[in-house]
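Q: build me a model from this:
(one chain, ligands or ions: 1)
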Amino acid sequence: MSSVIELRDVHLGFRGMSLLTGVNLVIEEGASYALHGPNGSGKSALLRLMCGITRPTSGSVRVAAKYLDADRTYPDRFGVAIDGPAYVGHLSGVQNLRELAGIRKMVGVARIHATMRTFGLDPLLRTRVSRYSLGMKQKLSLCQVFLEEPDVVLLDEPFNALDRESVSLLRNQLEEFRGRGGTLVMTSHERAHLDGLVDVALEIEGGKVNVTV
Ligand SMILES: Nc1ncnc2c1ncn2[C@@H]1O[C@H](COP(=O)(O)OP(=O)(O)OP(=O)(O)O)[C@@H](O)[C@H]1O
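A: Numbers count the residues shown, from 1 in each chain. Modelled structure (predicted):
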């Protein structure tokens with residue numbers, strides 16, 4: 001196995017407060033990780049570090065070269081949902097995804113519709129996203145993550161606001177993603193949702209990350 005992300009002696013602080021204090025962690029290709037810890041322990045902050053949205057105060061975060069090229073600071077082939085859904089409120093769900101797909105032109109309308117159906121969203125629904133329910137916004141965010149068939153997926157509380165059927169749809173999608181060798185790191189306060197979906201459980205405690213399974 002090769003590593004996708006390596007954190008070496010990572011410290012992260014804000015305004016004199018230390019959140020992470022010497023994190024050493026290797027995310028291996030094709031493995032799935034659960035990231036646990038109490039509210040405010042730094043789970044989202046760690047996910048942001050892993051994809052380069054934020055930089056550590058000290059230490060290093062290295063993403064495997066195959067996901068980066070010379071002019072790239074944000075890794076390629078990563079699907080990330082960390083800080084809640086990002087969308088254009090006055091557009092419909094399908095219009096939002098078409099805008100997103102238009103940036104890289106990797107996928108067409110058929111793939112957009114199929115992805116929406118995977119998560120239980122109707123591609124023909126014309127409701128603007130600002131009027132979507134919380135669960136519908138969450139599903140749209142998951143569509144954004146999986147639309148271009150990423151190799152590495154980082155998800156912060158992906159089961160939030162999902163009803164039972166949608167939880168099952170997401171679990172199916174994550175199983176399929178694992179089945180095709182994807183690398184996954186995700187948080188969930190509802191540990192049962194992750195049953196059978198992860199190889200390694202990580203726990204943030206006192207600014208450090210411990211492997212618990
Ligand atoms: N950019 C930032 N500037 C200042 N403080 C920050 C920043 N990012 C995170 N924090 C602080 O770091 C702490 C940890 O936040 P984080 O969102 O990573 O926790 P979490 O473990 O994901 O929590 P939860 O379980 O509630 O989602 C919080 O107190 C937060 O306010």
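
Q: what residues does the lengthiest helix in the chain touch?
A: For the chain, the longest helix by residue count, based on DSSP state H, is helix 164-179. Applying C-beta atoms under 8 Å, 6 or more residues apart in numbering, the contact partners of helix 164-179 are 32, 118-120, 135, 139, 142, 146, 153, 158-159, 162, 184, 193, 197. Where C-beta positions appear, they are placed from N, C-alpha and C, glycine not excepted.

Q: what about whichever helix or strand comes after it, near the ligand?
A: Remark: after helix 164-179, the chain's next helix or strand is strand 183-187, criterion DSSP states H and E. No - between strand 183-187 and the ligand, judged by C-beta under 6 Å from any ligand atom, nothing touches; the nearest distance is 6.6 Å.

Q: can you name the next helix or strand after strand 183-187?
A: strand 200-205.

Q: that next one pairs with which strands?
A: strand 32-36 (parallel), strand 208-211 (antiparallel) (DSSP bridges).

Q: flag every buried residue along it.
A: Within strand 200-205, the residues that qualify as buried are 200, 202-204, counting by 16 or more other C-beta atoms under 10 Å.

Q: now do stretch 171-191
A: 171, 173-174, 177-178, 182-188.

Q: now swap in stretch 58-74 and tell me
A: Result for stretch 58-74 [16+ other C-beta under 10 Å]: buried residues 59, 61, 63-64, 67-68.

Q: what parts of the chain come near the ligand?
A: Contact residues (C-beta under 6 Å from any ligand atom) of the chain with the ligand: 14, 19, 37, 39-45.

Q: show me what contacts residue 125?
A: Neighbours of residue 125 in contact, by C-beta under 8 Å, 6+ apart: 92-94.
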